[in-house]
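Novice: predicted model and sequence follow; I will ask about them next.
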Amino acid sequence: MSWVRIWVHLVFSTRNREPLLGSKETRKKLFDHIVKNGKEKGFQIISIGGYNDHIHCLLSINDLNIGKVSQLIKGESSYWINKTKLIQHKFTWQDDYWAVSVSESHIQAVKEYIACQEEHHKQKTFSAEIDEFMKKYGWKFLDNID
């Protein structure tokens, strides 16, 4: 029997980074649903959090690929949000996502970072944070890599 343990920090935003996840209650319902759906689909969400325009997930994906996991989370949760009318507007996620591997030694720090998203984004917008990461770490969008 194979044994695989891969930790991934996955981040994705609402379409056009619109603040559609404005209330804590809305986010709590959505996060609970995403965790339940992950279990049903064969991956584990260790930590989930976010703010009004994006979500962070710390995942244990076993042998699934991150593109498939992202598709499963985003596609099913969009469908569920619209079906249950969790928000008043038609809901979609942005097509892209950000994902990075996490070592075992950093799991707790990532969990704490995800848990503090609401406070964190009262100080800095998601867009500003992404721009800062892009510059600090030299990240490039995959379609822009030479």
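Specialist: Cool, the structure landed.
Novice: going by C-alpha atoms from here, please, whenever you check contacts or count neighbours.
Specialist: Noted.
Novice: got any ranges where this structure has weak pLDDT?
Specialist: Residues of the chain meeting the criterion pLDDT under 70: 1, 141-146.
Novice: please tell me how far K28 sits from V35.
Specialist: Applying CA to CA, to the nearest Å, one obtains 11 Å for the distance of K28 from V35.
Novice: between those two, who's got more neighbours?
Specialist: Between K28 and V35, counted using other CA atoms under 10 Å, the more crowded position is V35 (20 against 15).
Novice: secondary structure element holding F31?
Specialist: helix 24-41 (DSSP states H and E).
Novice: and the next helix-or-strand element following that helix, how far out from the chain's middle?
Specialist: Counting by DSSP H and E, the element after helix 24-41 in chain order, helix or strand, is strand 44-51. Mean-position distance between strand 44-51 and its chain equals 7 Å (CA atoms, centre = their mean, to the nearest Å).
Novice: can you start the count at 708 instead of 1 from here on
Specialist: Taking 708 as the first residue, the last one we looked at is strand 751-758.
Novice: following element in sequence after strand 751-758, please.
Specialist: strand 761-767.
Novice: partner strands of that following strand and their direction?
Specialist: strand 714-720 (antiparallel), strand 751-758 (antiparallel) (DSSP bridges).
Novice: for E811, find the nearest of these.
Specialist: strand 714-720 (7.6 Å; CA to CA).
Novice: which residues are in contact with the closest one?
Specialist: 760-768, 777, 800-801, 803-811, 817 (CA atoms under 8 Å, 6 or more residues apart in numbering).
Novice: which element is Y820 on?
Specialist: Per DSSP H and E: helix 814-822 holds Y820.
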